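Q: fold the following for me, if possible:
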Amino acid sequence: MKSHLQYLSYVIRHKWFVMCECFHYGLIWRGVTHDLGKFLPCEWFPYVNQFYGPDKKAQAIARAKTGYFHVPKEKDPFNYAWLHHLHGNSHHWQHWLLVQDMPFCDVIEMVCDWRGAGRAQGHGDDLVPWYTKNKDKMQLHPETRDLVNALVYGRRWRKDR
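A: Alright, predicted model coming up:
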């Protein structure tokens, strides 16, 4: 039960911070509805086990080595939950791997998601260190990358959408 309460606390903090960031950009409805799928059983239980279950220390060590939240295993329930989350939430860059460019609102919500996650995890909302470390792992369309760079690094974006 403790693990469920810890995860609930994190999800509420995360949703709050992402909502505040989305409101800043005028994305009111997206801010309110952000990550609602995390409350579905198909995501809830695997996420609780992944981040607050008995293997959380091993996961933290693996994340420190690889930069990823987990090392995938065959038939891992978290893999299915993560895939469900990606398919239902277009603000993740992985959702768009087979499409050329992410829509503007999805890019904005993705950056809001990163800032909200950083704040919910106690790291603040400065994305520069995290994005600089992880940007090369992301497969982004050049126009999407330009917008993300502008939002993260505070640069002027060069194309009107």
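Q: give me the buried positions along stretch 103-118.
A: By neighbour count on 16 or more other C-beta atoms under 10 Å, the buried set for stretch 103-118 is 105-118. Every C-beta, even on glycine, is put in place using the N, C-alpha and C of the backbone.
Q: again with stretch 134-151
A: 140, 143-151.
Q: same check on stretch 82-93?
A: 82, 85-86, 88-93.
Q: do stretch 21-29 as well
A: Buried-residue list, stretch 21-29, by 16+ other C-beta under 10 Å: 21-22, 25, 27.
Q: follow-up on the earlier one: among the buried residues of stretch 134-151, which are located in helices?
A: Of the buried residues of stretch 134-151, the ones assigned to helices by DSSP state H are 143-151.
Q: residue 12: which of those is nearest?
A: residue 151 (24.7 Å; C-beta to C-beta).
Q: quick one: that closest one from residue 80, how far?
A: Separation of residue 151 from residue 80 (C-beta to C-beta, to the nearest Å): 31 Å.
Q: run through this protein and note the low-pLDDT ranges.
A: 55-75, 98-99, 155-161 (pLDDT under 70).
Q: which parts of it are strands?
A: Ranges of strands within the chain: none, based on DSSP state E.
Q: which helix is the longest one in it?
A: helix 2-24.
Q: give the buried residues for that one.
A: Result for helix 2-24 [16+ other C-beta under 10 Å]: buried residues 7, 10-11, 13-15, 17-19, 21-22.
Q: need those residues in CSV with distance to residue 32, can you?
A: Output for those, formatted as CSV (distance: C-beta to C-beta, whole Å):
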residue, distance to residue 32
7, 20
10, 18
11, 14
13, 16
14, 14
15, 9
17, 13
18, 10
19, 6
21, 13
22, 8
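Q: and of those, the nearest to residue 50?
A: Nearest member of those to residue 50, counting by C-beta to C-beta, is residue 7, at 9.3 Å.
Q: wait, doesn't that closest one sit right on residue 51?
A: Yes. Counting by C-beta atoms under 8 Å, residue 51 is a contact partner of residue 7 at 6.5 Å.
Q: that's all I had, so thanks and see you.
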